[in-house]
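Student: Let me see the structure of the following:
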Amino acid sequence: MTIKFGETVFFGGGHFCRIGATIMLLGVAGCSSTNTGGPVPMATDAGPKDTGTFPNLNIPPQVAAKQFTETEKNAKLAQLKADEKGQGAKSGGAAVTNQATLTDLAKKHGPQTLKQIEGKCDPALDPTCK
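Tutor: You can find the predicted model right below:
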């Protein structure tokens, strides 16, 4: 009995028709609008305009900003390089290239950080803090 019921509901042709009709009714119901104010006005200057002539592609476009000269470019690049070197000095000096040093740092970093965190306490949060 349940097998026959399952075949009828899930695989019968009528089921697809019922689903299609339901989708159609939901779609039509979704198209109705409660806005009675009329159509939304469109911008009058939106989109391309037909001027009756062909565009002249030989006219160079206007630039949005003044272009850098070669000396300005070199000055800005030098400033960026100096800032980059300054950032390297702030972060602890030169980059470590020795893999053994990096591995040792990775092993010690977690426990050292936990000792720093656990060693500090805030009396405002924990009145029993020493």
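Student: Helices of this structure, residue ranges please.
Tutor: Using DSSP state H, the helices of the chain run over residues 2-11, 13-31, 70-90, 99-119.
Student: Going by mean pLDDT, which of these comes out lowest?
Tutor: Between the helices of the chain, the lowest average pLDDT goes to helix 2-11, which shows a mean of 57.
Student: Quick check: E70 vs P41, distance?
Tutor: 51 Å (C-beta to C-beta, to the nearest Å). Heads up, the C-betas are built off the backbone N, CA and C, glycines and all.
Student: For stretch 43-59, C-alpha coordinates in PDB please.
Tutor: Extracted in PDB, the C-alpha atoms of stretch 43-59 (Å, rounded to 0.1, in the frame of the first residue of the first chain):
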ATOM      1  CA  ALA A  43      15.800  59.400 -15.000                       C
ATOM      2  CA  THR A  44      15.600  61.400 -18.200                       C
ATOM      3  CA  ASP A  45      19.400  61.500 -18.800                       C
ATOM      4  CA  ALA A  46      20.100  57.800 -18.200                       C
ATOM      5  CA  GLY A  47      21.600  55.700 -20.900                       C
ATOM      6  CA  PRO A  48      23.100  56.400 -24.300                       C
ATOM      7  CA  LYS A  49      21.800  59.200 -26.400                       C
ATOM      8  CA  ASP A  50      21.400  59.100 -30.200                       C
ATOM      9  CA  THR A  51      22.900  62.400 -31.400                       C
ATOM     10  CA  GLY A  52      22.600  61.500 -35.100                       C
ATOM     11  CA  THR A  53      26.400  61.600 -35.600                       C
ATOM     12  CA  PHE A  54      29.200  59.200 -35.200                       C
ATOM     13  CA  PRO A  55      31.500  59.700 -32.200                       C
ATOM     14  CA  ASN A  56      35.000  61.100 -33.000                       C
ATOM     15  CA  LEU A  57      37.400  58.600 -31.600                       C
ATOM     16  CA  ASN A  58      40.400  60.800 -32.500                       C
ATOM     17  CA  ILE A  59      39.800  63.200 -29.600                       C
END
